[in-house]
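In: 3D model of this:
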Amino acid sequence: MLASDLPLEILSHLKISRHRGSWQPVFQASLWDDLHISPTNEKLFFDLLDDPQTIQQCFPNLRGFASMLRYKEDILSFMPGSWNVWTSSLRELTIASLSLGILSDKKATMKFLSQLPGLSLLNLIHYNPHQPFQFGMDEFEKLHKLLPRLSDLSLIVKPGPLSKKDLSIIDKVQPIHHFTRLNLTVFGTPYQRPFYFAYKYPNLRSLEWENSVESDMISGTWDSNIDKLFEVLPRTFGKLESVIVGTRETLALRVTHLLSYLDRAAVSAKHLNYRYLSIPAGPDPALRTTEPCITMFSTTLKRFSLTYPTCFVRVYVKKPIFEYCHCLTELNLINLDIIVELDVLFNCLPSLTRFTFYGGIFSVSQGVSNTVSNHGFLKLNLKSIRVKFDAFEYMSFHCRELRAMDLIRVKVSGHISQSTGNILLNMPYIILKSLNICNMQYFDENDAEYQFPINIMRVSQQGNSGEERRGKENPQ
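Out: Okay, the predicted model is just below:
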């Protein structure tokens, strides 16, 4: 149980609890494992615990501390005292605030972290994009000396290029074999930086790389000499499985260069998450940057996500960009105004089991057959999209293992029966375990502008159950 999950009436008596006799050590040791201070409870939390030492004295055995502040500048300004009380216990630390505060000073940062040598997870995040963390190769080396158990790191950094001195000694850096996850929001164009990480983290499994913009860093050309640096590595990122990249349209090609590194190194990425952080100015950046990224890992990719920042970003996809991803089991398309034809999707992705789609049109091809067959599809999540009613009937015939559907703000268009005035969504072969419906509307298929909704819905099971139908169609 998290301390922050307790009612505020209990939190208000924390000071009293410090003086409650022999049960206090047992109480604290069993309950106060993790403490999360979030924007929702921040103000009241600090009002109740007006003495910073209260937190440290009440929670001497903390294993996880997460401070995500929006009102106070940073947690270290509020708690400037010694953190040595958690030297032996604290394993996970997240500090997110309006600015880095004293952590903008490198010496202060290292001094603070030296008190917590047991950390395995460290997140230093701030909400001010104009104050990136100054962190170079020397700082990474010092960080790992101070935190020998560190295996998971998230930073917002302005690393800059590697110096000639760095490049001359980079193959002599001490690798950290237990380090598995790196999450960087990067300011500038540190093209050489992955070269250092390739040496430093040979067993890296998850890489998250987000390109941010500074006005004087937008321009720049690719240095082909960096390709030669990677050629000397026998196996770059050999254990990497998950790649998450975020970029603005002006920097999209830089992300492509980074991924091309991984492709040439024969990285067998299983999970790829590609996020656009700005709305594209022109049509279809997906064909220019996203499609090559998908084809790089097409033989190993199992989960792919493509995300735009707002709904209804039109992407002109001229052909299925997933046609070679036969191993893909999960596909997430977020805020794309495209038409997805379910039968085409299944033909391209025979292993697909989960599909999430926000912002477009969901349908099936004209004249598609409803011959009963089985695709191993399990879960469908649709949000803010338009659906043709025959897509549900198609799923009933072809997705008989479907067990869960989330339908959020979905507009369904279909044929209205002349005799009943109803739109029938018929799914006779589906046995759902979970059905989540919210703000779903129904329209006549001739109502192209979706102006006259039918707001009454009834969910019913008519006739034999799905299992009974299966038994009749597949007798033993």
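In: which residues does the closest residue to Trp86 other than its chain neighbours contact?
Out: Once flanking residues are discounted, Trp86 sits nearest to Leu62: 5.5 Å by Cβ to Cβ, 6 or more residues apart in numbering. (C-beta placed from N, C-alpha, C; glycine too.) By Cβ atoms under 8 Å, 6 or more residues apart in numbering, the contact list for Leu62 reads Trp32, Asp33, Asp34, Leu35, Trp86, Ser89, Leu90.
In: Looking at these, which is nearest Ile294?
Out: Ranked by distance to Ile294 (Cβ to Cβ), these are led by Asp34 at 37.5 Å.
In: do you know how far the closest one is from Gln57?
Out: Distance, Asp34 to Gln57, by Cβ to Cβ, to the nearest Å: 17 Å.
In: So which of the contacts of Leu62 sit within strands?
Out: Counted as lying in strands by DSSP state E, out of the contacts of Leu62, are Asp34, Leu35.
In: Make TSV out of the contacts of Leu62 and add neighbour count and distance to Leu407.
Out: Converted to TSV, the contacts of Leu62 look like this (neighbours: other Cβ atoms under 10 Å; distance: Cβ to Cβ, whole Å):
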residue	neighbour count	distance to Leu407
Trp32	20	41
Asp33	17	38
Asp34	17	35
Leu35	18	38
Trp86	21	46
Ser89	18	45
Leu90	22	43
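In: and the contacts of Leu62 as a markdown table, adding distance to Pro309 and pLDDT?
Out: Formatted as a markdown table, the contacts of Leu62 follow (distance: Cβ to Cβ, whole Å; pLDDT from 0 to 100):
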| residue | distance to Pro309 | pLDDT |
| --- | --- | --- |
| Trp32 | 38 | 60 |
| Asp33 | 36 | 73 |
| Asp34 | 31 | 75 |
| Leu35 | 32 | 73 |
| Trp86 | 38 | 84 |
| Ser89 | 39 | 88 |
| Leu90 | 35 | 90 |
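In: Let me have the contacts of Leu62 in CSV, extended by distance to Asp171.
Out: CSV is the format used below for the contacts of Leu62 (distance: Cβ to Cβ, whole Å):
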residue, distance to Asp171
Trp32, 45
Asp33, 41
Asp34, 40
Leu35, 42
Trp86, 36
Ser89, 37
Leu90, 34
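In: Would you map the strands across the stretch 201-350 of the chain?
Out: Secondary structure of the stretch 201-350 of the chain, counting by DSSP state E, counting those that start in this stretch: strands at 206-212, 242-247, 271-276, 303-307, 313-314, 330-334, 336-337, 339-341.
In: in the protein, which helix or strand is least confident?
Out: Within the chain, no helix or strand scores below helix 466-473, which has a mean of 46 by mean pLDDT, DSSP states H and E.
In: got any ranges where the stretch 301-450 of the chain has weak pLDDT?
Out: Along the stretch 301-450 of the chain, the model assigns pLDDT under 70 to residues 311-321, 369-373.
In: Which helix or which strand is home to the residue nearest to Trp86?
Out: If you go by DSSP states H and E, Leu62 is not part of any helix or strand.
In: mind listing what His271 touches?
Out: Per Cβ under 8 Å, 6+ apart, neighbours of His271: Glu241, Ser242, Val243, Ile244, Leu301, Lys302, Arg303, Phe304.
In: no, scratch that, I was asking about Asp444
Out: Residues in contact with Asp444 (Cβ under 8 Å, 6+ apart) are Ser413, Gly414, Ile416, Ile423, Phe452, Ile454.
In: Name the nearest of these relative to Thr310.
Out: Ser413 (23.9 Å).
In: Does the closest one belong to a helix, a strand or coil?
Out: Of the three states, Ser413 takes strand according to DSSP: H, G, I helix; E, B strand; the rest coil.
In: Give me the neighbour count for Ser88.
Out: By the criterion of other Cβ atoms under 10 Å, Ser88 has 11 neighbours.
In: neighbours around Leu328, how many?
Out: By the criterion of other Cβ under 10 Å, Leu328 has 25 neighbours.
In: what's the nearest residue to it if we skip its chain neighbours?
Out: Leaving aside its sequence neighbours, Leu328 sits nearest to Leu349 (Cβ to Cβ, 6+ apart; 5.0 Å).
In: ok, the one you found - contacts?
Out: Phe322, Cys325, His326, Leu328, Leu331.
In: I'd like to know which of those residues are buried.
Out: By the neighbour-count criterion of 16 or more other Cβ atoms under 10 Å, the contacts of Leu349 include these buried positions: Phe322, Cys325, Leu328, Leu331.
In: And the first one, how far from Glu291?
Out: This points to Phe322. Distance from Phe322 to Glu291, by Cβ to Cβ: 9 Å.
In: Arg248 now?
Out: Distance of Arg248 to Glu291, computed by Cβ to Cβ: 18 Å.
In: what's the answer for Gly238, then?
Out: Distance, Gly238 to Glu291, by Cβ to Cβ: 26 Å.
In: Next: Lys111.
Out: From Lys111 to Glu291 the distance is 48 Å (Cβ to Cβ).
In: With His126 instead?
Out: Distance, His126 to Glu291, using Cβ to Cβ: 34 Å.
In: The strands of the stretch 201-350 of the chain: which one's closest to Ile408?
Out: Among the strands of the stretch 201-350 of the chain, the nearest to Ile408 by Cβ to Cβ is strand 330-334 (12.7 Å).
In: So what touches that closest one?
Out: With Cβ under 8 Å, 6+ apart as the criterion, strand 330-334 contacts 302-308, 322, 340, 345, 349, 352-360.
In: Just want the angle from that strand to strand 271-276.
Out: Computed by axes from the mean of the first three to the mean of the last three Cα atoms, to 10 degrees, the angle separating strand 330-334 from strand 271-276 equals 10 degrees.
In: Partner strands of strand 330-334 and their direction?
Out: strand 303-307 (parallel), strand 354-358 (parallel) (DSSP bridges).
In: Using PDB, write out every CA atom in the first one.
Out: What follows is the C-alpha trace of strand 303-307 in PDB, where atoms were taken according to Å, rounded to 0.1, in the frame of the first residue of the first chain:
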ATOM      1  CA  ARG A 303       4.200  -4.700 -31.100                       C
ATOM      2  CA  PHE A 304       4.100  -1.300 -33.000                       C
ATOM      3  CA  SER A 305       2.500   2.000 -32.000                       C
ATOM      4  CA  LEU A 306       2.300   5.200 -34.100                       C
ATOM      5  CA  THR A 307       1.000   8.200 -32.200                       C
END
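In: Quick one: work out the angle between it and strand 242-247.
Out: 10 degrees.
In: just the last one next, same as before
Out: Per the same axes, to 10 degrees, the angle that strand 354-358 makes with strand 242-247 is 10 degrees.
In: So for strand 354-358, what gets flagged as buried?
Out: Across strand 354-358, burial judged by 16+ other Cβ under 10 Å covers Arg354, Phe355, Thr356, Phe357, Tyr358.
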